[in-house]
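A.B. asks: Build me a structure from this.
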Amino acid sequence: MGNTSSMLTQYDIEEVQSHCNNTFSQQEIVSLYQRFCQLDRSNGGFISGEEFLNVPEFAVNPLSLRLLRMLDGLNFKDFVAFLSAFSPRASLQQKIEFIFKVYDSDGNGKVTFNDMLDVLRDLTGNFISEQQREQVLTRVLEEASYTKDSLIVLSDFVKILGNSDLKMEVEVLVD
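C.D. replies: Numbering: from 1, shown residues only. Next comes the predicted model:
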């Protein structure tokens, strides 16, 4: 699997399936491998941030720079694991863990008011003022019984988002 020019063996496919908690079928993994090989223009067995930015849907995503920190240098197995949060077969827990990682940009296991503000800034751009962003975020935190000074950990995210009907699905086209 290290060399993208090689074909996937049945063992490779099963190993990737296991690595991503069986959120993709074997046929979907083969399709993802073909897409991975198209993105890996250097044939190095991993995808750089620059190669990810060649995907138009990714490049226009307001969170693309934040996601790039999570994506840069992924090999195929980790690429599939990253995408598994978007599978319709992914559990709510897997999706919440993914969202938490987007907010926790420094990877310390805690999300601060400023981390949330940064994401909100990425999502809203110049459509609302900094003061409005802070007011909205403060109100949302207070409604969830948190303050501006709260450090939110993964279990808090689970508690907040655990009862939601969270949709994060992308379609994997199978050839």
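
A.B. asks: my read: S87 touches S25, true?
C.D. replies: No. With contact defined as C-beta atoms under 8 Å, S87 and S25 do not form a contacting pair (9.7 Å). C-beta: built from backbone N, CA, C; applies to glycine.

A.B. asks: who has more neighbours, the two?
C.D. replies: Neighbour totals were compared for S87 and S25, and S87 leads with 23 against 15 (other C-beta atoms under 10 Å).

A.B. asks: per-residue pLDDT, that one?
C.D. replies: With respect to pLDDT, S87 scores 89.

A.B. asks: any idea which residue sits dead centre in the protein?
C.D. replies: F98 (5.2 Å; C-alpha atoms, centre = their mean).

A.B. asks: does that residue really touch A81, like I thought?
C.D. replies: No. Counting by C-beta under 8 Å, F98 does not reach A81; the two are 10.2 Å apart.

A.B. asks: Can you tell me how far K110 is from R69?
C.D. replies: 16 Å (C-beta to C-beta, to the nearest Å).

A.B. asks: Show me which of these two is the more surrounded one.
C.D. replies: Taking neighbours as other C-beta under 10 Å, K110 and R69 compare with K110 leading, 16 against 13.

A.B. asks: quick one: contacts for that one?
C.D. replies: Residues counted as contacts of K110 (C-beta atoms under 8 Å, 6 or more residues apart in numbering) are D104, L151, I152, V153.

A.B. asks: Equivalent analysis for L71, please.
C.D. replies: Applying C-beta under 8 Å, 6+ apart, the residues near L71 are I47, G49, F52, F79, F82.

A.B. asks: on that earlier part again, nearest spatial neighbour of the residue nearest to the centre of the chain, skipping sequence neighbours?
C.D. replies: Nearest in space to F98, with sequence neighbours left out and distances taken as C-beta to C-beta, 6 or more residues apart in numbering, is A85 at 3.6 Å.

A.B. asks: For T138, see how far away that neighbour is.
C.D. replies: Relative to T138, and taking C-beta to C-beta, A85 is found at 28 Å.

A.B. asks: Settle it for me: which of the two has more neighbours?
C.D. replies: Higher neighbour count among A85 and T138: A85, with 21 against 15, using other C-beta under 10 Å.
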